[in-house]
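Novice: fold the following and give me the result.
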Amino acid sequence: MREPVLAIHGGCGAIPNAELTPATDKAARAGLHRALEVGFKVLKAGGNAFDAVAESIVILEDDPVFNAGFGAALNREGVHELDSSLMDGATGRAGAVAGAKRIRNPVRVARALMENADPLLLIVQAADDWAEAHGFEMVENSYFTTASRRESLTLMLEREVSGDVSPVSERDKHGTVGAVALDSHGHLAAATSTGGYTAKPAGRVGDSPIIGAGTWADDRTCAISGTGKGELFIRLSFGHEVHARMLYQGLTLEAAINGLIHDQMSALGVGAGACAVDRDGNVMLPYNTEGMYRGWIRPEGVFVAIHET
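Specialist: You can find the predicted model right below:
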């Protein structure tokens, strides 16, 4: 039997340290703790890694602090388009949805598609229709909207009109939630969910629902969920690349993931982060931005942080 471990991220699009109020800091940390505790409860009971990551993500999807589900970013037309995926490292099965507009918890549908195995990925109306036909909770698109996300969209569009070229905050550029786990049976799993970035073009799909890009799990190496500029994660096949460097080059998880995030992506000026765990239970939570909502939990303790601490 293995010692179980669960690690999560709430996006490298963390609120800048200078803007983080005590109330916001408390709310974000509380949300991370809840997600860790709910997912780890599954693992402590001997449950599967894929159930643990799914339950952790549900907590984050329901928390408006994070950019997934309730509180997700709005596209430039003022609509929420949600992406999510889940992969089981024991079997290689995976499921995903992209551009969903009415699924309250997209990760639950991704998990169901993983078990179904075919189709693996459903998009837009097809994803909503499949979810509704299979009894998942559906909501109006407006359910996901919060005042802060509406304000972010307004400000972003105003910047475009005025020609403001000053740097956009990481929180508005991107934001994603992710979870990875190693269960007591030695199996790995990963899940990711996102609303994309504020004022994204309608129909844009990032890396989060793309298996091998934003999400990857393989019992031979690691489970990983990424956050950052999705287009580059897709181009690099980020998740699979970390796996391949470990499997074929013999790199450790630390060397493989840092080589991508701190070397390759940083050199390109791209904000990126991830949560990852290898088959031995080693956890990595790297990021090259000012902060990343993140944490892990093991039988001996729990860790949560936003910026350096």
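
Novice: work out for me the element Ser84 sits within.
Specialist: Here Ser84 sits within strand 82-88, counting by DSSP states H and E.

Novice: again but with Ala131, I slipped
Specialist: helix 124-133.

Novice: quick one on the thing from earlier: adjacent strands (with direction) for the strand holding Ser84?
Specialist: Listed by DSSP bridges, the sheet partners of strand 82-88 and their directions read strand 94-100 (antiparallel), strand 188-194 (antiparallel).

Novice: buried stuff in it?
Specialist: For strand 82-88, a neighbour-count test (16 or more other C-beta atoms under 10 Å) marks Leu82, Asp83, Ser84, Ser85, Leu86, Met87, Asp88 as buried. Where C-beta positions appear, they are placed from N, C-alpha and C, glycine not excepted.

Novice: Pro106 is in contact with the second one, correct?
Specialist: Pointing back at Asp83 there. Yes: counting by C-beta atoms under 8 Å, Pro106 is a contact partner of Asp83 at 7.0 Å.

Novice: tell me, what's touching those two both at once?
Specialist: Residues within reach of Asp83 and of Pro106 at once, by C-beta atoms under 8 Å, 6 or more residues apart in numbering, are Val97, Ala100, Ser193.

Novice: contact partners for the last one?
Specialist: This points to Ser193. 57, 60-61, 68-69, 82-84, 106-107, 110, 176-178, 208.

Novice: kindly state the beta-bridge partners for it.
Specialist: Applying DSSP bridges, one finds that Ser193 bridges with Ser84, Val177.

Novice: low-confidence bits of this protein, can you list those?
Specialist: 14, 165-174, 309 (pLDDT under 70).

Novice: closest one to Cys275 out of the contacts of Ser193, please.
Specialist: Nearest to Cys275 out of the contacts of Ser193 is Gly178 (C-beta to C-beta; 5.5 Å).

Novice: quick one: secondary structure of the closest residue to that closest one other than its chain neighbours?
Specialist: Leaving aside its sequence neighbours, Gly178 sits nearest to Ser225 (C-beta to C-beta, 6 or more residues apart in numbering; 2.7 Å). Put simply, Ser225 is strand when judged by DSSP: H, G, I helix; E, B strand; the rest coil.

Novice: mind starting the numbering at 5 from now?
Specialist: Fine by me, first position is 5 from now on; the one you just mentioned is Ser229.

Novice: and Ser229, how far from Thr219?
Specialist: 6 Å (C-beta to C-beta, to the nearest Å).

Novice: list residues touching both of these two?
Specialist: Joint contacts of Ser229 and Thr219 (C-beta under 8 Å, 6+ apart) are Gly182, Ala194, Ala195, Thr196, Gly243.

Novice: for the residues you listed, work out which two are farthest apart.
Specialist: Greatest spatial distance in those: Ala195 and Gly243, 11.8 Å, computed using C-beta to C-beta.

Novice: okay, these two: which has more neighbours?
Specialist: The neighbour comparison of Ala195 against Gly243 (other C-beta atoms under 10 Å) goes to Ala195, with 38 against 32.

Novice: so who does the more buried one touch?
Specialist: Neighbouring residues of Ala195 by C-beta under 8 Å, 6+ apart: 54, 57-58, 60-61, 88-91, 111, 114-115, 182-184, 219, 229.

Novice: report the buried members of these.
Specialist: Judged by 16+ other C-beta under 10 Å, buried ones among the contacts of Ala195: 54, 57-58, 60-61, 88-91, 111, 114-115, 182-184, 219, 229.

Novice: strands of this structure, residue ranges please.
Specialist: Per DSSP state E, the chain carries strands over the ranges 9-13, 86-92, 98-104, 125-127, 180-186, 192-198, 219-221, 226-232, 276-282, 287-288, 298-302, 305-309.

Novice: can I get those in TSV including distance to Tyr147?
Specialist: Shown next, in TSV, are those (distance: least, C-beta to C-beta, whole Å):
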stretch	distance to Tyr147
strand 9-13	23
strand 86-92	11
strand 98-104	12
strand 125-127	20
strand 180-186	17
strand 192-198	15
strand 219-221	25
strand 226-232	23
strand 276-282	27
strand 287-288	33
strand 298-302	27
strand 305-309	27
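
Novice: determine which of those strands approaches Asn79 most closely.
Specialist: Closest among the strands of the chain, using C-beta to C-beta: strand 98-104, at 9.7 Å.

Novice: and the nearest residue to Ile228 once chain neighbours are set aside, how far from Gly230?
Specialist: Closest residue in space to Ile228, ignoring its immediate chain neighbours: Ala280 at 4.1 Å, by C-beta to C-beta, 6+ apart. To Gly230, Ala280 is 9 Å away according to C-beta to C-beta.
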